[in-house]
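Visitor: Next comes the sequence, and after it the predicted model I'd like to discuss.
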2 protein chains.
Amino acid sequence: MAREPASLDLVRVLREHGVQPSAQRLAIAECVLAAVDHPAADTVLARVQERLPLVSRATVYNTLHRFVEAGLLRELSIAEGRTVYDPKLDPHHHFVDLDSGAIHDLPWDALEVRGVEQLSAERLSAYDVRDYQVVLRGRRHARRRAP
Amino acid sequence: MAREPASLDLVRVLREHGVQPSAQRLAIAECVLAAVDHPAADTVLARVQERLPLVSRATVYNTLHRFVEAGLLRELSIAEGRTVYDPKLDPHHHFVDLDSGAIHDLPWDALEVRGVEQLSAERLSAYDVRDYQVVLRGRRHARRRAP
DNA sequence: TCGCGTTCTGGACTTAGTCTAAATTCGTCA
DNA sequence: TGACGAATTTAGACTAAGTCCAGAACGCGA
Ligand SMILES: [Mn+2]
Ligand SMILES: [Mn+2]
Ligand SMILES: [Zn+2]
Ligand SMILES: [Zn+2]
């Protein structure tokens, strides 16, 4: 039941991004870098404390911000005032489930947005677009069993 | 310097939406229903208190929520954890200025999103889309003077 | 004018997040 | 190995956004 391999990978990942791999940072990285559910900071804190009960809130907030600066995470504010963290760095869209509040990823290619270039066109407009995404809201129903 | 005409309009608007027009609600409505800058609740509180210094925070929060239920406002969470209110009810997109945090409206027709129907298609997907918008982030530069 | 339901108020409370000063840990070098 | 300065972590105070509540005020119909 070795748990080291994953951690060794994480040590390398953190070093490559200029982050010293402390025990706390590794535990936080393990929680958040593979998360698929866009957790909030306090969710990360709760999960990390299951393994490392003494981590402080300040460390979790500091580390998440450091990971964002280091390019390991993105910070999102798309649903009901929550700030959540997303380890998926390539562009993609998000679907917010209005019942549960859950945030789901949609592949970039699932949607096509036309007209962004015109907005950014120098001399024509005031908008210098750095990035964009489609945010959809609705309900996620049980997927039909394939016939 | 009559100030009544606008207020009379607002009385009618509130009544038509099933909201009793009290003095506080009218003052809040005057602040937020014509706002073009997507104010947060505390911004609304500050503006209302300029005219009606005794309104309480609780009343502003309650009233904003009531206006949302009544279909007079929308609540948005698109930038840095803030919750803001938008009196523009028809579908449109939003541009977030990364320098100032300001939120600007973009007309619905400025962008075209393709592929949403496929996401919603029964039997094919798990997503029941109720609404969507494009959220763009970047910088707003001074508009060039027309040549 | 009275009575009663609605609205408003201040303040306590909660939650998310920041900040600080002290304690601990870590890397390095003698 | 031991010492030392830098980096990291910690607990707790603090702030900001938002909720909740019990009582006060209001407002409309009888
Ligand atoms: Mn943050
Ligand atoms: Mn709200
Ligand atoms: Zn995502
Ligand atoms: Zn808007």
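Guide: Cool, the structure landed. Ligands and ions are numbered 1, 2, ... in the order given.
Visitor: any chance you could map the helices in chain A?
Guide: Residue ranges of the helices in chain A, as given by DSSP state H, are A:4-16, A:23-32, A:41-51, A:57-69, A:116-120.
Visitor: Dump these into CSV; add mean pLDDT, mean neighbour count and distance to chain B as well.
Guide: Glycine gets a C-beta too; all of them are placed from N, C-alpha and C. What follows is the helices of chain A, written out as CSV (pLDDT from 0 to 100; neighbours: other Cβ atoms under 10 Å in any protein chain shown; distance: least, Cβ to the nearest Cβ, whole Å):
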stretch, mean pLDDT, mean neighbour count, distance to chain B
helix A:4-16, 79, 13, 26
helix A:23-32, 96, 20, 18
helix A:41-51, 96, 16, 11
helix A:57-69, 98, 17, 12
helix A:116-120, 90, 14, 7
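Visitor: Out of those helices, flag the one nearest residue B:19.
Guide: Within the helices of chain A, the stretch nearest residue B:19 is helix A:41-51; the backing value is 35.2 Å (Cβ to Cβ).
Visitor: Can you spell out the domain ranges of chain A, please?
Guide: Partitioning chain A according to automatic domain parsing yields domains covering residues A:4-76, A:90-138.
Visitor: what about the longest one and DNA strand C, any contact?
Guide: I take that to be domain A:4-76. Yes - taking Cβ under 7 Å from any atom of the strand as the criterion, domain A:4-76 and DNA strand C are in contact, through A:20, A:22-23, A:40-42, A:57-58, A:61, A:65.
Visitor: Just checking: what are the partner strands of the longest strand along chain A?
Guide: When every strand of chain A is counted residue by residue (DSSP state E), the longest turns out to be strand A:127-140. Based on DSSP bridges, the pairing partners of strand A:127-140 within the sheet are strand A:92-97 (parallel), strand B:127-140 (antiparallel).
Visitor: Take those strands and lay them out in a markdown table including mean neighbour count, distance to residue B:28 and mean pLDDT.
Guide: Below are the strands paired with strand A:127-140 laid out as a markdown table (neighbours: other Cβ atoms under 10 Å in any protein chain shown; distance: least, Cβ to Cβ, whole Å; pLDDT from 0 to 100):
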| stretch | mean neighbour count | distance to residue B:28 | mean pLDDT |
| --- | --- | --- | --- |
| strand A:92-97 | 21 | 27 | 97 |
| strand B:127-140 | 18 | 25 | 95 |
